[in-house]
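**Q** sequence plus the predicted model coming up.
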Amino acid sequence: MRDDKVSKWIQAAKILGKDPIEKVACPECGQGELESTDVDSHLDSVNFERYMHCPICLKRNILRMKRG
């Protein structure tokens, strides 16, 4: 069975993977709303990383994505 916080991060990644400006509660503290920033991959032009972070507790996670 998965840890509850891991499951919440996975759910947040699914939501923010589709819409980076969607409002998603922080899986760690539940108080902040996750903010996301896209960063180009230095490895190739097809992939990019979506950094998700909470401005309250400062926890973060990264989602690797393909363009298009």
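**A** Perfect, I can see it now.

**Q** what pairs with the residue nearest in space to the middle of the chain across the strands?
**A** By CA atoms, centre = their mean, the chain has its centre lying nearest to residue 52, at 3.5 Å. According to DSSP bridges, the residues that bridge with residue 52 are residue 36, residue 61.

**Q** so who does it touch?
**A** 12, 13, 16, 24, 34, 35, 36, 60, 61, 62, 63 (CB atoms under 8 Å, 6 or more residues apart in numbering). Where you see a C-beta, it was placed from the backbone N, CA and C, and this is true even at glycine.

**Q** mind listing what's buried in the helix or strand harbouring residue 39?
**A** Assigned by DSSP states H and E, residue 39 falls within strand 35-40. Residues 35, 36 are the ones in strand 35-40 that count as buried (16 or more other CB atoms under 10 Å).

**Q** next one: stretch 55-67
**A** 59, 61, 63, 65.

**Q** looking at these, which are in strands?
**A** 61, 63, 65 (DSSP state E).

**Q** and residue 10, what element?
**A** Going by DSSP H and E, residue 10 is in helix 4-18.

**Q** got the angle between that helix and strand 60-66?
**A** Here helix 4-18 points in a direction 40 degrees away from that of strand 60-66 (axes from the mean of the first three to the mean of the last three CA atoms, to 10 degrees).
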